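Novice: Whatever this is, show me its structure:
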Amino acid sequence: MKPRNHRFFDNWARKLGMKPVCRVVAEGGDILVADSGAKLFESERLFYRTGFAIERPGDKKPLWLASTEETDALDPEMCSRSERGAQEYRVNEALAYARKQLAKTVNVGLYDDDGTNRIH
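Specialist: Okay, here's the model as predicted:
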């Protein structure tokens, strides 16, 4: 098996103001999570951004599925936690959602058994 190249994920995260936080090896693919870690400010709005990408192994190159979530920095769930606690909460939420999405793609048989990522 070829070593994984996470440049896509790193570049995607950086463009959205996030930094990679963790990688989880899961059945059917790897889940990579990124988080802003600090409050972002755009259009008079203060928020955190958390995202994940699912890497499905393939013959020539991996297939990526990616998603982001923005959480209002003034959300009571965020204000009641330390910065580190708030980040852990966001990362755990993103990871749980990513696991559900990965399971859905595997369960519906979206990919060939040989791992070539051809859609049925």
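Novice: so what's residue 72 up against?
Specialist: Residue 72 makes contacts with 45, 46, 47, 78, as judged by CB atoms under 8 Å, 6 or more residues apart in numbering. Just so you know, the C-beta spots here come from the backbone N, C-alpha and C atoms, and that holds for glycine as well.
Novice: Determine the longest helix present in this protein.
Specialist: With residue count as the measure and DSSP state H as the assignment, the chain has helix 83-107 as its longest helix.
Novice: Against which helices or strands is it packed?
Specialist: Counting by 3 or more CB pairs under 8 Å, 6 or more residues apart in numbering; DSSP states H and E, the packing neighbours recorded for helix 83-107 are strand 19-26, strand 29-35, strand 45-56, strand 63-72, helix 76-79.
Novice: hmm, try it at 6 Å
Specialist: Applying 3 or more CB pairs under 6 Å, 6 or more residues apart in numbering; DSSP states H and E, we find helix 83-107 packed against strand 29-35, strand 45-56.
Novice: Next SSE downstream of the first one?
Specialist: Once the chain leaves strand 29-35, the next helix or strand it forms, by DSSP states H and E, is strand 40-42.
Novice: neighbouring contacts of that next one?
Specialist: Identification of contacts with strand 40-42 by CB atoms under 6 Å, 6 or more residues apart in numbering yields 17, 47, 49.
Novice: Could you spell out the sheet neighbours of it, each with its direction?
Specialist: strand 45-56 (antiparallel) (DSSP bridges).
Novice: chain center to the partner strand: distance?
Specialist: 6 Å (CA atoms, centre = their mean, to the nearest Å).
Novice: Who does the residue positioned nearest the centre of the chain form a beta bridge with?
Specialist: The structure's the chain has its C-alpha centroid closest to residue 52; by CA atoms, centre = their mean the separation is 0.5 Å. Beta-bridge pairing of residue 52 under DSSP bridges involves residue 33, residue 67.
Novice: Now for it: which residues touch it?
Specialist: Contacts for residue 52 were tallied using CB under 6 Å, 6+ apart; they are 31, 33, 94, 98.
Novice: What of residue 47?
Specialist: Applying CB under 6 Å, 6+ apart to residue 47 gives the contacts 40, 70, 72, 73.
Novice: Quick check: the farthest pair among those residues?
Specialist: Greatest spacing in the contacts of residue 47, by CB to CB: 40 and 72 (11.0 Å).
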